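K.L.:
next input, structure requested:
(one chain, ligands or ions: 2)
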Amino acid sequence: MSTTERAPQSARTAPSRGERIADWTDGRLGIYNFRFLIRKVFPDHWSFMFGEMALYSFVVLILTGLWLTMFFDPSMTETVYHGSHTPLQGIPMSQAYASTIEISFDVRGGLFIRQLHHWSALIMIASLCVHTLRHFLTGSFRKPRELNWLIGFTMLVLVTLEGFVGYSLPDDLLSGTGLRIAEGVTLAIPLVGTYLTLFLFGGEYPGNDVIQRFYSFHILLIPGIVLALVTVHLILVFYHKHTQFRGPGRTENNVVGQPLMPHYTAKAGGFFFLVFGVLALLAGIAQINPVWTYGPYRADQISQGSQPDWYMGFLEGALRAMPAWEFVLPGGYTVNLAVLIPAVVLPTLMMMVIALWPFLEAWVTNDRREHHLLDRPRDHPTRTAFGISFVSLYLVLFFGGANDVLAERFHLSLNQITWAVRIGIFLVPAVTYVVTRRICLGLQRRDRDKLLHGRETGRIRRLPHGEFVEVHARLEREQEYSLLSRDVREVLPAPEATDADGVPNPRARKEMLRHRVSRWLYGNQIPKPTREEMRHALEHLEPGSSHGQISPNGHGPASSNGQVSSNGHLTAGGHAAAGERESGQEVH
Ligand code: HEM
Ligand code: HEM
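P.N.:
Numbers count the residues shown, from 1 in each chain. Ligands and ions are numbered 1, 2, ... in the order given. Below is the predicted model of the structure:
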């Protein structure tokens, strides 16, 4: 029985308008059940902002794209230009091109919105590349995020395609040149190439349909799929919770950061306007895709010196570097290696490597644990070296795509540049791989050194026999803890060819392969100092300044900037509680 007496009707205050609205909405949508989201915790790290940048650019793309649909006419029907841009007066062109010129010169704010749309596309794809690289280098793709990695990867491919389809729409000379290449590449795909070309172009190139078809893909199909995938992607980020870098108070079982309301929402909101502002500034002052200078597409002309958008540069470079190889199969079927290898096989291989890497790593390590703590790139020298050498290959191909511009600007021979690119494709990634790996191992060695020999204090001490030495002090406990908590993977043991009874091991070949790949990934690492080594080292080091104690269970001191853990508790003194993931238990 309740002992609380009901307040008289007159003493109860009437619910405010806000409460009434909240009550009404809750009655229909059950929003009160989602109140736990308010305490959802987001860790803080600058590298997490690239995903947000991509997201905000996507929002700008949708808004500006909607606006452009009101003025753009995706028709290839020929018209004669009579608008306000005098150099094009009286020139026959498609309505798509004429409407793009009209958007640029006659629609109020048109050029700004077109440029905003284009700049957002460039920045979105650039942020996505950095976003992908950061996930790769920190190992955030490991269990349970493999599926989210695949979803992200699909979006990367789709958004790149969306960009290409987008800048094909204005039907100017540059877009037509790109479309001509796309047609050649589609035709070179064995078996299905001709059918695909027919589907895209509706007949002999350039046909009358391609712009109309690309338009449907561009404004409906691709953005629709990307929007759906982004939603699932973000729901999964919420569901898995964010990863975080190792540090005091951070474990595989908690998330330390700031809650969604009000901190994260305020920060994310501010960041949206920052991204929007920078994009608007670029659109306002930096010219992009001046289609009126290229002229309308004509099949007997190609655009000279103009370049595709940056994200297509690597494909163009691969095509330009490839020798003109082809052979004819019995029956008269020509296999065009000059196009097939650089534009189909190479990008497919590159994409497969990105998409399947998480599964390769999981298979090699036989690791079925969940990972919520991120690796520092140096702690995985082989993975990091592989990722950076991949980027270097991308860059070589990218510069190869600009071989004509480079030749003209630097007064070099086009053939020499092409040969440099051909050699560079093999040499640069190999050298980058070796150098990056050595740098990572060097950094690991430096970390070990800092742990065992402390940090330099800048204070010189004179010993009784006259020698001068610099005093080394113990690292700060937080840093010491972060360095010591590094996850060192073991190389899988080589399998025995036979068991104790001499029976051959049927899985020996598979296990040997696994052993070799794991040796490649995890072999030759710099070991962490052992407990004994640390104890010995600390006896000789001056005690450093400390902001906390390393707890006996090795969790280290909690962070001291007033952060909360996933269970939303803020512990006394502003220290974060290392609660169990979502369970609300405290470990400390
Ligand atoms: C990831 C999303 C998107 C990307 C990467 C993208 C990219 C592009 C690019 C690079 C262009 C060429 C712009 C230029 O003329 O210089 C373009 C044109 C266009 N886009 Fe998008 N876009 C995206 C989404 C959308 C959406 C959602 C819509 C409509 C709802 C849209 C509508 C248009 C229209 C109408 C044009 C032709 C007008 C023009 O060329 O100025 N876009 N897009
Ligand atoms: C339209 C494209 C994309 C958008 C809007 C997007 C957005 C985001 C955002 C806002 C986050 C949370 C913040 C962060 O960790 O950076 C995130 C996390 C994540 N993204 Fe993406 N992303 C996209 C594409 C990709 C791509 C291309 C990949 C990888 C191939 C990827 C893999 C991931 C993973 C694995 C996470 C979870 C990481 C963690 O919890 O630390 N995403 N994404």
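K.L.:
going by C-alpha atoms from here, please, whenever you check contacts or count neighbours.
P.N.:
Fine.
K.L.:
count the residues that sit near whichever residue of the stretch 401-550 of the chain sits closest to ligand 1.
P.N.:
The stretch 401-550 of the chain approaches ligand 1 most closely through Gly401 (18.3 Å), counting by C-alpha to the nearest ligand atom. Gly401 has 26 neighbours, counted by other C-alpha atoms under 10 Å.
K.L.:
who's in contact with it?
P.N.:
Gly313, Phe314, Leu315, Glu316, Gly317, Ala318, Leu319, Arg320 (C-alpha atoms under 8 Å, 6 or more residues apart in numbering).
K.L.:
the helix or strand hosting the third one: how far from the chain's middle?
P.N.:
If you go by DSSP states H and E, Leu315 is part of helix 313-321. The chain centroid and the centroid of helix 313-321 are separated by 22 Å under C-alpha atoms, centre = their mean, to the nearest Å.
K.L.:
now check it, is it near ligand 1?
P.N.:
No. Helix 313-321 lies out of reach of ligand 1 by C-alpha under 6 Å from any ligand atom, never closer than 13.9 Å.
K.L.:
re earlier: please name the nearest non-neighbouring residue to the residue of the stretch 401-550 of the chain closest to ligand 1.
P.N.:
Gly317 (3.4 Å; C-alpha to C-alpha, 6 or more residues apart in numbering).
K.L.:
list the buried ones in the helix holding Leu315?
P.N.:
Using 16 or more other C-alpha atoms under 10 Å as the test for burial, helix 313-321 gives Gly313, Phe314, Leu315, Glu316, Gly317, Ala318, Leu319, Arg320, Ala321.
K.L.:
likewise stretch 437-448?
P.N.:
So stretch 437-448, judged by 16+ other C-alpha under 10 Å, has buried residues Arg437, Arg438, Cys440, Leu441, Leu443, Gln444, Arg445, Asp447, Arg448.
K.L.:
what does stretch 367-387 rub up against?
P.N.:
The contact list for stretch 367-387 (C-alpha under 8 Å, 6+ apart) reads 133, 136-140, 142-144, 242-246, 250-253, 362, 432-441, 443-444, 486-488, 520-522.
K.L.:
any quick ChimeraX command for the buried ones out of those?
P.N.:
Here is the ChimeraX selection string for the buried members of those, based on 16+ other C-alpha under 10 Å:
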select :133,136,137,138,139,140,142,143,144,242,243,244,245,246,250,251,252,253,432,433,436,437,438,440,441,443,444,486,521,522
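K.L.:
what strand or helix carries the closest residue to ligand 2 within the stretch 151-300 of the chain?
P.N.:
For the stretch 151-300 of the chain, the residue closest to ligand 2 is Gly152, as judged by C-alpha to the nearest ligand atom, at 3.3 Å. Using DSSP H and E, Gly152 sits in helix 146-168.
K.L.:
and Ser84, that one's in a strand?
P.N.:
No. Ser84: not assigned to a strand; according to DSSP: H, G, I helix; E, B strand; the rest coil it is coil.
K.L.:
do I have it right that it meets Asp106?
P.N.:
Yes. With contact defined as C-alpha atoms under 8 Å, Ser84 reaches Asp106; the gap is 7.1 Å.
K.L.:
in terms of neighbours, single out the busier of the two.
P.N.:
Neighbour totals were compared for Ser84 and Asp106, and Asp106 leads with 15 against 12 (other C-alpha under 10 Å).
K.L.:
just want the phi and psi numbers for that one.
P.N.:
Dihedral pair for Asp106: phi -110, psi -20, per degrees, to the nearest 10.
K.L.:
for it, what are its contacts?
P.N.:
Counting by C-alpha under 8 Å, 6+ apart, Asp106 has contacts Gly83, Ser84.
K.L.:
and if you look at Ala420?
P.N.:
With the criterion set at C-alpha under 8 Å, 6+ apart, Ala420 makes contact with nothing.
K.L.:
contact residues of the stretch 151-300 of the chain facing ligand 2?
P.N.:
Gly152, Phe153, Met155, Leu156, Val230, Val237, His242, Thr243.
K.L.:
just checking: what are the partner strands of the longest strand seen in the chain?
P.N.:
Assignment by DSSP state E gives strand 455-462 as the longest strand of the chain. Pairing partners of strand 455-462, with direction, according to DSSP bridges: strand 468-473 (antiparallel).
K.L.:
give me the contact list for the partner strand.
P.N.:
In contact with strand 468-473 (C-alpha under 8 Å, 6+ apart) are residues 453-463, 541-544.
K.L.:
switch to 7 Å and redo it
P.N.:
Under the contact criterion C-alpha atoms under 7 Å, 6 or more residues apart in numbering, strand 468-473 has outside partners 453-462, 541-544.
K.L.:
same question for stretch 509-524.
P.N.:
Against stretch 509-524 from outside (C-alpha under 7 Å, 6+ apart): Val364, Thr365, Thr382, Arg383, Arg489, Glu490, Val491, Leu492, Pro493, Ala494, Pro495.
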